[in-house]
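# with the sequence up front, the predicted model follows.
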Amino acid sequence: MRGIDLHTHSNCSDGTYTVKELIDYAHEKNLAAIALTDHDTVDGLDEAIEYTKANYPDMELVPGIEFSTVEEGKDVHIVGLYIDHHKEAFKAKLTRFIESRTSRNVKMCDRLREEAGIPITFEELTAAYPGAVITRAHYARFLVERGYVNSRQEVFDRYIGDHAPYYVEREKISPEEAIGYVLEAGGVPVLAHPILYHFSDRKLDALVARLKDAGLKGIEAIYSTYSPSEERQIKELATKYDLLISGGSDFHGANKPKIDLGCGMGKLFLPEDLLESIRMAAF
């Protein structure tokens with residue numbers, strides 16, 4: 001049985017592979033399907049769908065997205081699979097969300113320039129990464145490449161980490177709102193990598209129960225960094241709340257060099273037979 005990968009990123013968000021490079025690599029890995037789930041953007045999906053159909057008819061491209069949300073001050077991510085990214089209501093909501101991120105990035109560039117003395121403008125930043133949804137990973141790369149800092153870690157520690165002096169918070173949406181966005185697009189909302197949030201077992205259980213009531217349909221029970229016991233824990237949650245099993249590598253190319261497509265840190269494997277139930281849950 002061939003494998004699949006339902007959590008990947010291109011350079012349309014904070015990955016380093018172009019859409020075509022990512023799909024070529026997925027085919028090289030003999031994957032039966034790959035989901036493109038860039039952060040808060042669908043900009044690469046049309047290209048991905050067309051390129052896959054034209055070049056790799058034996059591989060499925062699952063249109064997706066990964067929404068950044070906040071729960072009790074922590075980032076919680078909702079992946080949407082099999083979304084119809086051309087639905088007008090979904091496009092309108094996503095546009096408003098992206099505009100709020102743009103406003104935040106303009107403010108953060110202004111603070112770095114005016115308060116930290118780093119000569120950076122939003123126009124320069126977007127010109128360096130055309131078409132990308134700008135994340136803090138782009139700031140780090142930009143500042144290192146121009147010699148303003150010595151390392152990516154320094155960027156986060158001194159300038160734009162969560163508690164650093166020049167950080168500007170982005171608009172916060174709740175996991176429930178993100179689930180609503182995905183459902184608006186006819187897709188399957190999935191709670192991404194829940195182990196990474198470091199909630200207590202009780203708190204994670206309560207979150208999953210709440211999100212199930214909001215329309216959550218799946219949970220990432222197979223993920224690059226999970227231990228066997230963590231995978232069992234999430235699969236038990238999936239059974240308890242009648243959620244579909246999903247997962248993936250969370251491949252970012254050179255931005256996460258220890259994570260490889262399709263196999264994560266070496267032992268990840270999602271069998272292709274998981275895909276049918278997810279596909280059937282889309283509407």
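Structure received.

# only C-alpha atoms for contact and neighbour calcs from this point on.
Will do.

# which non-adjacent residue is nearest A32?
M59 (4.8 Å; Cα to Cα, 6 or more residues apart in numbering).

# got phi/psi on the one you found?
Main-chain dihedrals, M59, degrees, to the nearest 10: phi -130, psi 140.

# shouldn't it be in contact with Y51?
No - if you go by Cα atoms under 8 Å, M59 and Y51 don't touch, sitting 10.9 Å apart.

# how's the chain carved up into domains?
Following the assignment in automatic domain parsing, the chain carries domains at 3-93+172-281, 104-160.

# can you redo those domains as JSON lines with mean pLDDT, distance to Y166 and mean neighbour count?
Putting the domains of the chain into JSON lines (pLDDT from 0 to 100; distance: least, Cα to Cα, whole Å; neighbours: other Cα atoms under 10 Å) gives the following:
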{"stretch": "domain 3-93+172-281", "mean pLDDT": "97", "distance to Y166": "18", "mean neighbour count": "19"}
{"stretch": "domain 104-160", "mean pLDDT": "93", "distance to Y166": "5", "mean neighbour count": "16"}
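
# could you work out the end-to-end span of stretch 265-281 for me?
29 Å (Cα to Cα, to the nearest Å).

# how about I179, what does it touch?
I179 makes contact with 78, 80, 189, 214-216, according to Cα atoms under 8 Å, 6 or more residues apart in numbering.

# and it, how far from D84?
Using Cα to Cα, one obtains 14 Å as the distance from I179 to D84.

# with N11 instead?
Taking Cα to Cα, one finds N11 at 21 Å from D84.

# what do you get for I34?
Taken as Cα to Cα, the span from I34 to D84 is 16 Å.

# list the contacts of D162.
F156.

# equivalent analysis for P189, please.
78-81, 179, 182-183, 215-218.

# filter these down to just the ones in strands.
Counting by DSSP state E, the part of the contacts of P189 found in strands is 78-81, 218.

# what does the one helix or strand T239 maps to rub up against?
Assessed by DSSP states H and E, T239 sits inside helix 228-240. Residues outside helix 228-240 that contact it (Cα under 8 Å, 6+ apart) are 194-195, 205, 208, 218-223, 243-245.

# in a markdown table: those, plus distance to Y159 and secondary structure.
As requested, the contacts of helix 228-240 are exported to a markdown table (distance: Cα to Cα, whole Å; DSSP: H, G, I helix; E, B strand; the rest coil):
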| residue | distance to Y159 | secondary structure |
| --- | --- | --- |
| P194 | 28 | helix |
| I195 | 28 | helix |
| D205 | 35 | helix |
| V208 | 34 | helix |
| G218 | 36 | strand |
| I219 | 34 | strand |
| E220 | 32 | strand |
| A221 | 34 | strand |
| I222 | 34 | strand |
| Y223 | 30 | strand |
| L243 | 40 | coil |
| L244 | 40 | strand |
| I245 | 38 | strand |
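
# now, the most widely separated pair of those residues?
D205 and Y223 (18.4 Å; Cα to Cα).

# now the closest residue to Y129 other than its chain neighbours: which helix or strand?
Using Cα to Cα, 6+ apart and skipping the chain neighbours, the partner closest in space to Y129 is H138 (7.8 Å). According to DSSP H and E, H138 maps onto helix 136-145.

# same check, this time on L6
Using DSSP H and E, L6 falls in strand 3-8.

# what's downstream of that strand, the next helix or strand?
In N-to-C order, the element after strand 3-8 by DSSP H and E is helix 19-28.

# now that following helix - C-alpha only, PDB.
These are the backbone C-alpha positions of helix 19-28, laid out as PDB (Å, rounded to 0.1, in the frame of the first residue of the first chain):
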ATOM      1  CA  VAL A  19       4.300  24.200  -5.500                       C
ATOM      2  CA  LYS A  20       5.700  22.300  -8.500                       C
ATOM      3  CA  GLU A  21       8.900  21.200  -6.600                       C
ATOM      4  CA  LEU A  22       6.700  19.900  -3.800                       C
ATOM      5  CA  ILE A  23       4.500  17.900  -6.100                       C
ATOM      6  CA  ASP A  24       7.500  16.500  -8.000                       C
ATOM      7  CA  TYR A  25       9.000  15.500  -4.700                       C
ATOM      8  CA  ALA A  26       5.800  13.800  -3.600                       C
ATOM      9  CA  HIS A  27       5.700  11.800  -6.800                       C
ATOM     10  CA  GLU A  28       9.400  10.900  -6.400                       C
END
